[in-house]
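Engineer: What follows is a predicted protein model with its sequence.
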Amino acid sequence: MAAGPDGSPGPLHDAEAVVLVGGKGMRLRPLTLSAPKPMLPTAGVPFLSHLLARIRAAGIRHVVLGTSYKAEVFAEHFGDGSEFGLELEYVVEDEPLDTAGAIRNVAHLLREKDVLVFNGDILSGLDLRSLVETHRAGAAEVTLHLVKVADPRQFGCVPTDGDGRVTAFLEKTEDPPVDQINAGCYVFRRPVIEDIPAGRRVSVERETFPGLLAAGARLQGHVDSSYWLDMGTPAAYVRGSADLVRGELPSAALPGTPGEALLLPGADVAADAVVDGGSTIGAGAVVAERARITGSMVFDGARIGAETEVDGCVIGAGARIGAGVALRGAVIGDGAVIGDECELLDGARVWPGVEIPAGGVRFSADRR
C-alpha cells in the first residue's frame, strides 16, 4: 500500500472486502419484514450504500456480499456494482453459519492477501486505510477494529497489550477490565479465512479468534475514536440516519447537502410544517400543515396529518398518520393507519397494515 502525497496511507487497490449482510434484523421488526436490515432506507438510500461508498473511497474495488435473508434484494438493487464503481459478487448462505462460518463461505471468491470484513449493520467513520496499515505494520494474522465505549458491560471486552496485540476475548461481565470492544470490522490474511472449518457454524469471538491466540498467532487491535454506531435497534437506526443527514458522519452516498432535513424528490411538505433534527422525508411523502417532524424517517409515500408531532420515529412506506397525532420513539410499519388524536409512546410498534382507530388511543407496545 503506497503512501499518499501527504504521507497518509494510499488507496487499497491490493485489498478486497467482504460484507456480511445475511441477518434477519429481528430487533428492527416490523421494518425488516419487507427488506433486509442493510437495505432499509437510511438518510435517503439503503444503509449498505453508505458502507459501500466508504469502501470505494478507500480504493477497494472487489467486494463480496455474504447474503441470506431476502438475498435477491441486494443483487436487484446493486447489480454487478459497476454503477457504484465496484465489482460486486454475491454468495448466499443457505443455513446460518455464524460470523466466521459466513466469512469462510465466501472464501472461494477471494483473491487478495488482505481481506477487510465488515458486519453489515455498523455505521462507522473508521479510516480503512489506517486499519490496513496497522495490520501490515504488525504482520498480523487478523487485525480488529476496537472502540472504547462508556459502558462496556453490555459487550464482550477485547484487552490489548502495550504493543496493541490482542490478549483475550472476554464475555460480558458486570466488572469489565477494559472499555475496548470488538467494533465489527476486521482485516484477515486470506489463508486464515481458508483455514476456518467449512460448512458449519463457527463464531469468530468464541472459536476462531481464541483458537488463533492459543496457537500463538498475532491478533492486532486498532483502537480509534471515530464515529461508531451499531444500527441494530430502532433508536440507533433513527439516530444513525439523522447523523448522516446532518453530516456528523460525512457520506458520499448522501443524496443531498447535509443539513437539518433531507427531502427526497416528490416530497410535499407544507410551508408551515417544521422538519428538522436530521429527518428524512421520502419520495412522494406528504407532511401536512403545522406538522412537526424531528429526528425521524418518513418513508416513501407516507402521509403525516395536520398538527401531528413525530419525534425520533420511523414511519413506514405508505403509512397514514392522522391529524393531531403525537408519536415519540415509535415504529410504524408499511401501510399502517394511525387515526386522529392518537398518542404512541417510546417502544410502540405498529405492524404493516394495522389500523389504529381515532379517539385518543395511547399505547407503547406492539400492535399486530
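Structural biologist: That came through fine.
Engineer: mind listing the helices in the chain by residue range?
Structural biologist: Using DSSP state H, the helices of the chain run over residues 47-57, 72-78, 98-104, 128-137, 190-194, 209-214, 234-246.
Engineer: Now do the closest residue to residue 42 other than its chain neighbours, the pLDDT please.
Structural biologist: Closest residue in space to residue 42, ignoring its immediate chain neighbours: residue 241 at 4.7 Å, by Cβ to Cβ, 6 or more residues apart in numbering. Just so you know, the C-beta spots here come from the backbone N, C-alpha and C atoms, and that holds for glycine as well. pLDDT, residue 241: 97.
Engineer: Just want to check the distance between residue 32 and residue 355.
Structural biologist: 21 Å (Cβ to Cβ, to the nearest Å).
Engineer: repeat for residue 25
Structural biologist: Applying Cβ to Cβ to residue 25 and residue 355 gives a distance of 25 Å.
Engineer: Neighbour count: these two, which is higher?
Structural biologist: residue 25 (23 against 12; other Cβ atoms under 10 Å).
Engineer: List the buried residues of the longest strand along the chain.
Structural biologist: Counting by DSSP state E, the longest strand found in the chain is strand 180-189. Neighbour-count burial for strand 180-189, with 16 or more other Cβ atoms under 10 Å as criterion, is recorded at 180, 181, 182, 183, 184, 185, 186, 187, 188, 189.
Engineer: Would you mind pulling up the elements that that strand packs against?
Structural biologist: Under the contact definition 3 or more Cβ pairs under 8 Å, 6 or more residues apart in numbering; DSSP states H and E, strand 180-189 sits against strand 114-119, strand 122-124, helix 128-137, strand 142-148.
Engineer: which one is the most centrally placed residue in the chain nearest to, not counting chain neighbours?
Structural biologist: Compute the mean C-alpha point of the chain, and by Cα atoms, centre = their mean the closest residue is residue 121, 2.8 Å away. Using Cβ to Cβ, 6+ apart and skipping the chain neighbours, the partner closest in space to residue 121 is residue 231 (4.9 Å).
Engineer: residues near the one you found, how many?
Structural biologist: Quick note: residue 231 (other Cβ under 10 Å) scores 25 neighbours.
Engineer: correct me, but it touches residue 122?
Structural biologist: Yes: contact criterion Cβ atoms under 8 Å: residue 231 and residue 122 qualify, at 6.9 Å.
Engineer: which sections of this structure are below the confidence cut-off?
Structural biologist: 1-10, 360-368 (pLDDT under 70).
Engineer: mind giving me the domain ranges of it?
Structural biologist: 15-234, 260-367 (automatic domain parsing).
Engineer: Columns distance to residue 251 on top of these, output as a markdown table?
Structural biologist: Shown next, in a markdown table, are the domains of the chain (distance: least, Cβ to Cβ, whole Å):
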| stretch | distance to residue 251 |
| --- | --- |
| domain 15-234 | 5 |
| domain 260-367 | 11 |
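Engineer: Many thanks, we can stop here.
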